[in-house]
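Novice: Provided below for reference: sequence and predicted model.
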Amino acid sequence: LKIVCGDTIALTPPMGWNSWNCFGCDVTDQKVRAAADAMVASGLINHGWTYINIDDCWEAGRDAEGRILSNQKFPDMKALAEYVHGKGLKIGLYSSPGPKTCAGHTGSYQHELHDATSYAEWGFDYLKYDWCSYGSIARNPDRAALMKPYQVMRAALDKVPRDIVFSLCQYGMGNVWEWGAQVGGNCWRTTGDISDSWTSMSRIGFGQAGHEKYAGPGHWNDPDMLVVGYVGWSAHVRPTRLTPNEQYTHISLWCLLCSPLLIGCDLTKLDEFTLNLLTNDEVLDVSQDPLGRQAGRVAQHGQLEVWAKDLEDG
(Lines give C-alpha, C1' and ligand atoms only; values in the text may rest on other atoms or scores of the structure.)
Protein backbone atom coordinates (compact mmCIF):
# COMPACT_ATOMS: atom_id res chain seq x y z
CA LEU A 1 0.00 0.00 0.00
CA LYS A 2 1.42 3.36 -1.03
CA ILE A 3 0.05 6.53 0.55
CA VAL A 4 0.46 9.63 -1.63
CA CYS A 5 -0.25 13.03 -0.08
CA GLY A 6 -1.00 16.17 -2.05
CA ASP A 7 -3.65 18.10 -3.92
CA THR A 8 -3.99 15.67 -6.85
CA ILE A 9 -6.87 13.17 -6.78
CA ALA A 10 -7.73 10.37 -9.22
CA LEU A 11 -4.11 9.18 -9.24
CA THR A 12 -5.34 6.13 -11.16
CA PRO A 13 -8.33 6.13 -13.54
CA PRO A 14 -11.66 6.14 -11.66
CA MET A 15 -13.53 2.82 -11.65
CA GLY A 16 -17.27 2.58 -11.05
CA TRP A 17 -20.73 2.62 -12.57
CA ASN A 18 -22.84 5.24 -14.36
CA SER A 19 -26.60 5.10 -14.81
CA TRP A 20 -26.94 6.50 -18.35
CA ASN A 21 -26.17 3.56 -20.66
CA CYS A 22 -28.62 1.31 -18.86
CA PHE A 23 -31.42 3.57 -17.56
CA GLY A 24 -31.11 6.92 -19.34
CA CYS A 25 -33.74 9.24 -17.89
CA ASP A 26 -35.52 6.37 -16.15
CA VAL A 27 -32.95 6.44 -13.34
CA THR A 28 -34.36 6.64 -9.79
CA ASP A 29 -33.13 6.68 -6.20
CA GLN A 30 -34.16 3.03 -5.88
CA LYS A 31 -32.18 1.98 -8.98
CA VAL A 32 -29.09 3.79 -7.72
CA ARG A 33 -29.35 2.07 -4.32
CA ALA A 34 -29.84 -1.26 -6.09
CA ALA A 35 -26.70 -0.63 -8.14
CA ALA A 36 -24.73 0.04 -4.95
CA ASP A 37 -26.13 -3.13 -3.37
CA ALA A 38 -25.19 -5.13 -6.47
CA MET A 39 -21.67 -3.64 -6.61
CA VAL A 40 -21.08 -5.11 -3.17
CA ALA A 41 -23.04 -8.37 -3.48
CA SER A 42 -21.38 -9.27 -6.81
CA GLY A 43 -17.91 -8.74 -5.36
CA LEU A 44 -17.06 -5.96 -7.84
CA ILE A 45 -16.17 -3.76 -4.87
CA ASN A 46 -13.27 -6.12 -4.13
CA HIS A 47 -11.70 -5.48 -7.55
CA GLY A 48 -11.45 -1.69 -7.33
CA TRP A 49 -14.90 -0.68 -8.53
CA THR A 50 -15.76 2.34 -6.38
CA TYR A 51 -18.09 4.98 -7.85
CA ILE A 52 -21.88 4.85 -8.20
CA ASN A 53 -22.67 7.77 -10.52
CA ILE A 54 -26.07 9.29 -11.29
CA ASP A 55 -26.18 10.77 -14.78
CA ASP A 56 -28.79 13.24 -16.11
CA CYS A 57 -32.45 13.52 -15.05
CA TRP A 58 -32.16 13.94 -11.27
CA GLU A 59 -32.51 17.74 -11.30
CA ALA A 60 -35.57 19.89 -10.62
CA GLY A 61 -35.52 23.69 -10.34
CA ARG A 62 -34.00 25.95 -7.68
CA ASP A 63 -35.21 27.27 -4.36
CA ALA A 64 -35.52 30.97 -3.47
CA GLU A 65 -31.82 31.10 -2.51
CA GLY A 66 -30.74 29.59 -5.84
CA ARG A 67 -29.93 26.11 -4.53
CA ILE A 68 -30.48 23.21 -6.89
CA LEU A 69 -33.37 20.88 -6.06
CA SER A 70 -33.67 17.20 -6.88
CA ASN A 71 -36.87 15.92 -8.48
CA GLN A 72 -39.42 13.49 -7.07
CA LYS A 73 -37.41 10.47 -8.26
CA PHE A 74 -34.66 11.55 -5.84
CA PRO A 75 -36.38 12.68 -2.64
CA ASP A 76 -33.23 13.05 -0.51
CA MET A 77 -29.82 13.32 -2.14
CA LYS A 78 -27.93 13.51 1.15
CA ALA A 79 -29.58 10.32 2.40
CA LEU A 80 -28.77 8.60 -0.90
CA ALA A 81 -25.11 9.61 -0.64
CA GLU A 82 -24.98 8.35 2.94
CA TYR A 83 -26.49 5.03 1.84
CA VAL A 84 -23.86 4.55 -0.89
CA HIS A 85 -21.04 5.60 1.44
CA GLY A 86 -22.35 3.13 3.99
CA LYS A 87 -21.64 0.38 1.47
CA GLY A 88 -17.98 1.41 1.31
CA LEU A 89 -18.48 3.09 -2.09
CA LYS A 90 -18.35 6.64 -3.46
CA ILE A 91 -21.09 8.49 -5.32
CA GLY A 92 -21.22 10.87 -8.26
CA LEU A 93 -23.70 13.03 -10.10
CA TYR A 94 -24.13 15.13 -13.21
CA SER A 95 -24.72 18.69 -14.38
CA SER A 96 -24.10 21.04 -17.30
CA PRO A 97 -22.41 24.44 -17.47
CA GLY A 98 -25.36 25.60 -19.57
CA PRO A 99 -28.84 26.69 -18.41
CA LYS A 100 -30.18 23.19 -19.18
CA THR A 101 -28.75 19.69 -19.17
CA CYS A 102 -28.79 17.50 -22.28
CA ALA A 103 -32.18 16.11 -21.19
CA GLY A 104 -33.60 19.59 -20.53
CA HIS A 105 -33.25 19.72 -16.74
CA THR A 106 -31.78 22.56 -14.70
CA GLY A 107 -28.08 23.18 -15.41
CA SER A 108 -25.49 25.05 -13.37
CA TYR A 109 -25.15 28.23 -15.48
CA GLN A 110 -24.52 31.22 -13.17
CA HIS A 111 -25.10 28.97 -10.13
CA GLU A 112 -21.78 27.12 -10.10
CA LEU A 113 -20.87 27.90 -6.48
CA HIS A 114 -24.42 27.16 -5.32
CA ASP A 115 -24.19 23.75 -6.96
CA ALA A 116 -20.65 22.90 -5.83
CA THR A 117 -21.72 23.78 -2.28
CA SER A 118 -24.78 21.53 -2.52
CA TYR A 119 -22.76 18.64 -3.93
CA ALA A 120 -20.28 18.92 -1.07
CA GLU A 121 -23.00 19.25 1.58
CA TRP A 122 -24.80 16.20 0.19
CA GLY A 123 -21.54 14.25 0.19
CA PHE A 124 -20.86 13.66 -3.52
CA ASP A 125 -17.45 12.56 -4.76
CA TYR A 126 -17.62 12.86 -8.56
CA LEU A 127 -19.09 15.39 -11.02
CA LYS A 128 -19.68 14.76 -14.72
CA TYR A 129 -20.05 18.22 -16.30
CA ASP A 130 -21.69 17.97 -19.73
CA TRP A 131 -21.47 20.83 -22.30
CA CYS A 132 -25.08 20.47 -23.58
CA SER A 133 -26.87 23.84 -23.71
CA TYR A 134 -23.72 25.87 -23.08
CA GLY A 135 -23.50 25.98 -26.86
CA SER A 136 -26.28 28.60 -26.71
CA ILE A 137 -24.04 30.76 -24.49
CA ALA A 138 -20.81 30.26 -26.45
CA ARG A 139 -21.64 30.07 -30.14
CA ASN A 140 -18.74 29.07 -32.42
CA PRO A 141 -16.40 29.01 -29.41
CA ASP A 142 -12.64 29.40 -29.66
CA ARG A 143 -10.38 27.54 -27.25
CA ALA A 144 -10.69 30.18 -24.51
CA ALA A 145 -14.49 29.98 -24.70
CA LEU A 146 -14.37 26.16 -24.59
CA MET A 147 -12.22 26.34 -21.47
CA LYS A 148 -14.16 29.03 -19.62
CA PRO A 149 -17.16 27.11 -18.18
CA TYR A 150 -14.89 24.37 -16.85
CA GLN A 151 -12.59 26.94 -15.24
CA VAL A 152 -15.62 28.52 -13.54
CA MET A 153 -16.82 25.21 -12.08
CA ARG A 154 -13.28 24.19 -11.12
CA ALA A 155 -12.96 27.43 -9.12
CA ALA A 156 -16.28 26.66 -7.40
CA LEU A 157 -15.24 23.09 -6.57
CA ASP A 158 -11.98 24.42 -5.13
CA LYS A 159 -13.94 26.58 -2.69
CA VAL A 160 -15.86 23.70 -1.08
CA PRO A 161 -14.37 21.40 1.58
CA ARG A 162 -14.63 18.14 -0.32
CA ASP A 163 -12.57 16.24 -2.90
CA ILE A 164 -14.76 15.87 -6.00
CA VAL A 165 -13.45 14.19 -9.15
CA PHE A 166 -14.12 16.62 -12.04
CA SER A 167 -15.07 14.88 -15.28
CA LEU A 168 -15.35 17.18 -18.32
CA CYS A 169 -17.82 16.05 -20.95
CA GLN A 170 -17.70 18.06 -24.17
CA TYR A 171 -17.01 15.34 -26.73
CA GLY A 172 -13.42 16.30 -27.60
CA MET A 173 -14.12 19.79 -28.96
CA GLY A 174 -11.06 21.97 -29.41
CA ASN A 175 -8.72 19.03 -28.72
CA VAL A 176 -9.70 19.00 -25.05
CA TRP A 177 -6.93 16.49 -24.30
CA GLU A 178 -4.45 19.32 -24.88
CA TRP A 179 -5.94 21.58 -22.19
CA GLY A 180 -8.21 19.51 -19.96
CA ALA A 181 -5.59 19.38 -17.20
CA GLN A 182 -5.11 23.17 -17.42
CA VAL A 183 -8.73 23.78 -16.42
CA GLY A 184 -8.45 21.34 -13.52
CA GLY A 185 -10.15 18.36 -15.12
CA ASN A 186 -9.44 14.93 -13.70
CA CYS A 187 -10.72 13.34 -16.91
CA TRP A 188 -12.23 14.58 -20.15
CA ARG A 189 -14.28 12.97 -22.87
CA THR A 190 -12.34 12.78 -26.10
CA THR A 191 -15.25 11.66 -28.27
CA GLY A 192 -19.00 11.61 -28.82
CA ASP A 193 -21.23 9.08 -27.08
CA ILE A 194 -20.46 5.39 -27.47
CA SER A 195 -23.03 2.80 -28.52
CA ASP A 196 -22.91 -0.99 -28.26
CA SER A 197 -21.71 -1.68 -31.78
CA TRP A 198 -18.31 -2.76 -33.08
CA THR A 199 -18.24 0.28 -35.38
CA SER A 200 -18.77 2.72 -32.51
CA MET A 201 -16.55 1.02 -29.95
CA SER A 202 -13.64 0.30 -32.27
CA ARG A 203 -13.70 3.73 -33.91
CA ILE A 204 -13.65 5.44 -30.52
CA GLY A 205 -11.15 3.10 -28.87
CA PHE A 206 -8.55 2.85 -31.62
CA GLY A 207 -9.06 6.55 -32.34
CA GLN A 208 -7.26 7.37 -29.08
CA ALA A 209 -3.85 6.86 -30.68
CA GLY A 210 -1.73 9.95 -30.14
CA HIS A 211 -3.56 11.16 -27.04
CA GLU A 212 -1.34 9.24 -24.65
CA LYS A 213 1.08 12.11 -23.99
CA TYR A 214 -1.71 14.12 -22.34
CA ALA A 215 -2.71 11.52 -19.74
CA GLY A 216 -1.21 10.76 -16.34
CA PRO A 217 -2.01 10.57 -12.64
CA GLY A 218 -4.88 12.94 -11.87
CA HIS A 219 -5.82 13.62 -15.50
CA TRP A 220 -7.11 11.04 -17.95
CA ASN A 221 -8.47 10.80 -21.48
CA ASP A 222 -12.02 9.43 -21.44
CA PRO A 223 -13.35 7.58 -24.51
CA ASP A 224 -16.74 7.13 -22.77
CA MET A 225 -18.37 4.43 -20.68
CA LEU A 226 -18.40 0.67 -21.01
CA VAL A 227 -21.10 -1.06 -23.06
CA VAL A 228 -20.93 -4.64 -21.81
CA GLY A 229 -23.74 -6.46 -19.98
CA TYR A 230 -27.40 -5.37 -20.06
CA VAL A 231 -27.78 -1.86 -21.53
CA GLY A 232 -30.68 0.02 -23.06
CA TRP A 233 -30.59 3.74 -22.25
CA SER A 234 -34.17 3.43 -20.93
CA ALA A 235 -36.47 1.44 -18.66
CA HIS A 236 -35.97 -1.58 -20.94
CA VAL A 237 -32.49 -3.12 -20.79
CA ARG A 238 -31.25 -5.82 -23.14
CA PRO A 239 -27.97 -7.67 -23.68
CA THR A 240 -25.19 -5.67 -25.34
CA ARG A 241 -24.91 -6.10 -29.11
CA LEU A 242 -21.14 -6.61 -28.82
CA THR A 243 -20.05 -10.21 -29.35
CA PRO A 244 -17.96 -11.88 -26.62
CA ASN A 245 -14.75 -11.29 -28.59
CA GLU A 246 -15.70 -7.65 -29.15
CA GLN A 247 -16.28 -7.29 -25.40
CA TYR A 248 -12.83 -8.71 -24.65
CA THR A 249 -11.38 -6.12 -27.02
CA HIS A 250 -13.46 -3.34 -25.42
CA ILE A 251 -12.34 -4.04 -21.85
CA SER A 252 -8.72 -4.78 -22.80
CA LEU A 253 -8.40 -1.62 -24.89
CA TRP A 254 -10.03 0.65 -22.30
CA CYS A 255 -7.62 -0.70 -19.66
CA LEU A 256 -4.64 -0.08 -21.96
CA LEU A 257 -5.96 3.46 -22.57
CA CYS A 258 -6.07 4.27 -18.83
CA SER A 259 -9.64 5.36 -19.45
CA PRO A 260 -11.98 5.92 -16.54
CA LEU A 261 -13.77 2.57 -16.27
CA LEU A 262 -17.47 3.24 -15.77
CA ILE A 263 -19.70 0.21 -16.11
CA GLY A 264 -22.81 1.13 -18.08
CA CYS A 265 -24.96 -1.95 -17.52
CA ASP A 266 -27.69 -2.91 -15.07
CA LEU A 267 -25.67 -4.33 -12.18
CA THR A 268 -28.68 -6.25 -10.90
CA LYS A 269 -28.56 -8.36 -14.09
CA LEU A 270 -24.88 -9.30 -14.14
CA ASP A 271 -24.33 -12.58 -15.97
CA GLU A 272 -21.28 -14.75 -15.34
CA PHE A 273 -19.51 -13.69 -18.55
CA THR A 274 -19.85 -9.96 -17.78
CA LEU A 275 -18.82 -10.44 -14.16
CA ASN A 276 -15.70 -12.33 -15.27
CA LEU A 277 -14.87 -9.54 -17.74
CA LEU A 278 -15.10 -6.95 -14.96
CA THR A 279 -13.18 -8.88 -12.30
CA ASN A 280 -10.09 -9.97 -14.25
CA ASP A 281 -7.46 -8.48 -11.97
CA GLU A 282 -4.58 -8.97 -14.40
CA VAL A 283 -6.38 -6.80 -16.94
CA LEU A 284 -7.54 -4.24 -14.38
CA ASP A 285 -3.98 -3.94 -13.06
CA VAL A 286 -2.94 -2.64 -16.50
CA SER A 287 -5.50 0.16 -16.08
CA GLN A 288 -4.63 0.89 -12.47
CA ASP A 289 -0.83 0.79 -12.74
CA PRO A 290 0.48 3.63 -10.56
CA LEU A 291 2.84 4.99 -13.23
CA GLY A 292 -0.27 6.14 -15.09
CA ARG A 293 1.08 5.83 -18.64
CA GLN A 294 -1.57 5.46 -21.33
CA ALA A 295 -0.82 2.94 -24.07
CA GLY A 296 0.04 4.08 -27.55
CA ARG A 297 -0.07 2.33 -30.91
CA VAL A 298 3.44 1.16 -31.73
CA ALA A 299 2.71 -0.76 -34.95
CA GLN A 300 -0.11 -1.13 -37.48
CA HIS A 301 -0.47 -3.46 -40.45
CA GLY A 302 -3.98 -3.39 -41.93
CA GLN A 303 -6.33 -4.38 -39.14
CA LEU A 304 -3.50 -5.73 -36.98
CA GLU A 305 -2.43 -3.20 -34.36
CA VAL A 306 0.13 -3.43 -31.55
CA TRP A 307 -0.41 -1.22 -28.50
CA ALA A 308 1.97 -0.97 -25.56
CA LYS A 309 2.35 0.96 -22.33
CA ASP A 310 5.08 1.24 -19.73
CA LEU A 311 4.36 -0.11 -16.25
CA GLU A 312 5.72 1.08 -12.90
CA ASP A 313 7.85 -2.02 -12.37
CA GLY A 314 9.54 -1.67 -15.75
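Specialist: Received, thanks.

Novice: Where do the strands of this protein begin and end?
Specialist: Here the chain has its strands, by DSSP state E, at 15-18, 51-53, 59-62, 68-70, 90-95, 126-130, 165-169, 187-189, 220-222, 230-231, 238-239, 261-263, 296-301, 304-308.

Novice: what helices or strands is the fourth one leaning on?
Specialist: So that's strand 68-70. strand 59-62, helix 112-122 (3 or more Cβ pairs under 8 Å, 6 or more residues apart in numbering; DSSP states H and E). Yep, even glycine has a C-beta here, placed from its N, CA and C like the rest.

Novice: Redo the strands of the chain as JSON lines? Include distance to Ile204, mean neighbour count and mean pLDDT.
Specialist: As requested, these are arranged in JSON lines below (distance: least, Cβ to Cβ, whole Å; neighbours: other Cβ atoms under 10 Å; pLDDT from 0 to 100):
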{"stretch": "strand 15-18", "distance to Ile204": "16", "mean neighbour count": "25", "mean pLDDT": "98"}
{"stretch": "strand 51-53", "distance to Ile204": "19", "mean neighbour count": "27", "mean pLDDT": "98"}
{"stretch": "strand 59-62", "distance to Ile204": "28", "mean neighbour count": "16", "mean pLDDT": "96"}
{"stretch": "strand 68-70", "distance to Ile204": "31", "mean neighbour count": "19", "mean pLDDT": "98"}
{"stretch": "strand 90-95", "distance to Ile204": "20", "mean neighbour count": "26", "mean pLDDT": "98"}
{"stretch": "strand 126-130", "distance to Ile204": "17", "mean neighbour count": "26", "mean pLDDT": "98"}
{"stretch": "strand 165-169", "distance to Ile204": "14", "mean neighbour count": "25", "mean pLDDT": "98"}
{"stretch": "strand 187-189", "distance to Ile204": "10", "mean neighbour count": "27", "mean pLDDT": "98"}
{"stretch": "strand 220-222", "distance to Ile204": "10", "mean neighbour count": "27", "mean pLDDT": "98"}
{"stretch": "strand 230-231", "distance to Ile204": "15", "mean neighbour count": "23", "mean pLDDT": "96"}
{"stretch": "strand 238-239", "distance to Ile204": "20", "mean neighbour count": "14", "mean pLDDT": "96"}
{"stretch": "strand 261-263", "distance to Ile204": "14", "mean neighbour count": "27", "mean pLDDT": "98"}
{"stretch": "strand 296-301", "distance to Ile204": "14", "mean neighbour count": "12", "mean pLDDT": "96"}
{"stretch": "strand 304-308", "distance to Ile204": "14", "mean neighbour count": "13", "mean pLDDT": "96"}
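
Novice: can you pull out the helices in this structure?
Specialist: For the chain, the helices defined by DSSP state H occupy 20-23, 29-41, 77-86, 112-122, 143-159, 198-206, 244-256, 272-278, 281-287.

Novice: Out of those, the one nearest Glu65 is which?
Specialist: For these, proximity to Glu65 was assessed by Cβ to Cβ; helix 112-122 is nearest, at 7.8 Å.

Novice: before we move on, the earlier item: make CSV out of the helices of the chain and add mean neighbour count, distance to Gly302 and mean pLDDT.
Specialist: Listed next are the helices of the chain as CSV, based on neighbours: other Cβ atoms under 10 Å; distance: least, Cβ to Cβ, whole Å; pLDDT from 0 to 100:
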stretch, mean neighbour count, distance to Gly302, mean pLDDT
helix 20-23, 27, 31, 96
helix 29-41, 19, 40, 98
helix 77-86, 18, 46, 98
helix 112-122, 20, 48, 98
helix 143-159, 18, 36, 98
helix 198-206, 18, 13, 97
helix 244-256, 18, 16, 98
helix 272-278, 16, 27, 97
helix 281-287, 15, 25, 97
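
Novice: For Ser234, find the nearest of those.
Specialist: Across the helices of the chain, closest to Ser234 is helix 20-23 (Cβ to Cβ), at 7.1 Å.

Novice: Show me what that closest one is packed against.
Specialist: strand 230-231.
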